[in-house]
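Asks: sequence isn't available, so here's the structure alone:
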């Protein structure tokens, strides 16, 4: 199956012409991709069709013949962003498992449904709720710990931690730290500037540190760096692969 | 199924559906041994309350194909229910999921089959009242 044409452009299907789908399609076309947008609501389709013309197709993409008419056999990517999680999940499952589409991206509307996407192997998925939650955590450090990157399969993650007032590590040099095995301090953010710490760097209250670690020592590390152990940001994966 | 002596647990998002279960029963659904839970099939808590962990058979028969296919696969893959039966109206998808181990009931296929049988019988003049064809 040809996923790209001779100029290396990819054929993409976007399902759902809501605000997300319509704008996404427009951006993808501007970047030079060949895209077909599928919309099942007749009125919405007619609105979007005025701009996108033949690049939008009317039909219910959970029906296989609609996907086939849209040319799913030659698509390199399917992006399902309807407002319905079951639809997004099944469209991506069918794209991957029946039509061997190389890459799928699904939108999760209700974060509680993330587990179902995991179960059926539909990854990556994007949840706006999670993304906004993560931004809030980034902006409001009261949560203390932010997951910046989770590579669950590789058992590695990068977290951002605030060294709070009274933490036992304040005033200690990096080479005096007794970091849990499997964790490494990779960066310090202080007064708006980030730098890579050396052995002589002394940690101060208010420092934000980035650490790369095995998720299994996360609890140990956060306790060690003086974060209250009763808060955690485990439930905010956002975009996960 | 209840009348056959099986233990049956019903999960429905509409609490009023309970009344429908009791049509034609002499006593309440619960007195007859049935169980009823209000919730949707995508809520794991609701499935657990309804007793999915001890179920031998799981039937997904909401009025939405996509909902049925998702919850049937949750029952199949997450809870390892031995027999999972799913109602799928779309014949094309019913066929594909059947290949993937779901028992599917496709009312569309059944209706088409029955209609064909009727029409063939009418066409060959072996059934149907005189002059009934094409009257409505």
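Replies: That came through, no problem. Given the structure is predicted, the values throughout are model-derived calculations rather than measurements.

Asks: which residue ranges form the helices in the chain?
Replies: Looking at chain A here, since you left the chain open. With helices called from DSSP state H, chain A shows them at A:19-30, A:42-52, A:64-69, A:85-97, A:114-119, A:128-139, A:218-224.

Asks: could you do chain B instead?
Replies: B:17-21, B:44-49, B:65-73, B:91-99, B:107-123.

Asks: quick one: which of those is nearest chain A?
Replies: The closest approach between chain A and any of these, judged by CB to the nearest CB, belongs to helix B:65-73 at 4.0 Å. For the C-beta atoms, the positions are set from N, CA and C on the backbone; glycine is no exception.

Asks: in the chain, where is pLDDT below threshold?
Replies: In the absence of a named chain, chain A is used. Residues of chain A meeting the criterion pLDDT under 70: A:1-9, A:137-146, A:227-241.

Asks: hmm, no, I was thinking of chain B.
Replies: Within chain B, the set of residues satisfying pLDDT under 70 comprises B:126-136.

Asks: show me which residues of it sit near chain A.
Replies: Contact residues (CB under 8 Å from any CB of the partner chain) of chain B with chain A: B:42-44, B:64-67, B:69-70, B:73-74, B:77-78, B:90, B:92-93, B:96, B:100.

Asks: are any of these buried, and which?
Replies: Buried residues within the residues of chain B next to chain A, defined by neighbour count using 16 or more other CB atoms under 10 Å in any protein chain shown: B:42-44, B:64-67, B:69-70, B:73-74, B:78, B:90, B:93, B:96.

Asks: from these, which single one is nearest residue B:15?
Replies: Of all those, the one sitting nearest residue B:15 is residue B:43; the distance, using CB to CB, is 14.7 Å.

Asks: any idea how far residue A:129 is from chain B?
Replies: The spacing between residue A:129 and chain B, counted by CB to the nearest CB, to the nearest Å, is 16 Å.

Asks: need the contact list for that residue.
Replies: Contact partners of residue A:129, counting by CB atoms under 8 Å, 6 or more residues apart in numbering or on different chains, are A:110-111.

Asks: before we move on, back to that, so which of the helices of chain B is nearest residue A:155?
Replies: Residue A:155 lies closest to helix B:44-49 among these, at 25.4 Å (CB to CB).

Asks: tell me which residues in the closest one are buried?
Replies: When neighbours are counted by 16+ other CB under 10 Å, the buried residues of helix B:44-49 are found to be B:44, B:46-47.

Asks: for that helix, name the packing helices and strands.
Replies: If you count contacts as 3 or more CB pairs under 8 Å, 6 or more residues apart in numbering or on different chains; DSSP states H and E, helix B:44-49 packs onto strand B:35-38.

Asks: so what strands line up beside the strand it packs on?
Replies: Partner strands for strand B:35-38, per DSSP bridges, with pairing direction: strand B:9-12 (parallel).

Asks: just give me the neighbour total for residue 35.
Replies: By default, I'm working from chain A. Each residue near residue A:35 was counted by other CB atoms under 10 Å in any protein chain shown, and the total is 23.

Asks: the intended chain is chain B.
Replies: 15.

Asks: which residue does chain A bring closest to chain B?
Replies: Distances from chain A to chain B, computed as CB to the nearest CB, single out residue A:86 as the nearest residue at 4.0 Å.

Asks: leaving out chain neighbours, which residue sits closest to that residue?
Replies: residue B:66 (4.0 Å; CB to CB, 6 or more residues apart in numbering or on different chains).

Asks: residues touching the one you found, list them.
Replies: Listed by CB under 8 Å, 6+ apart, the contact set of residue B:66 reads A:62, A:84, A:86-87, A:90.

Asks: list the buried residues of stretch A:115-130.
Replies: For stretch A:115-130, by 16+ other CB under 10 Å, it's A:116-117, A:120, A:122-123, A:125-127, A:130.

Asks: ok, stretch B:16-30 next?
Replies: Buried residues in stretch B:16-30, counted by 16+ other CB under 10 Å: B:18, B:21-22, B:29.

Asks: now do stretch A:107-115
Replies: Applying a neighbour-count criterion of 16+ other CB under 10 Å, the buried positions in stretch A:107-115 are A:107-109, A:111, A:113-114.

Asks: still on that earlier bit, quick check, nearest of the contacts of residue B:66 to residue A:19?
Replies: Minimum distance to residue A:19 across these is 14.9 Å, recorded for residue A:84 (CB to CB).

Asks: so that closest one makes contact with residue A:110?
Replies: No. Between residue A:84 and residue A:110 there is no contact under CB atoms under 8 Å: 10.0 Å.
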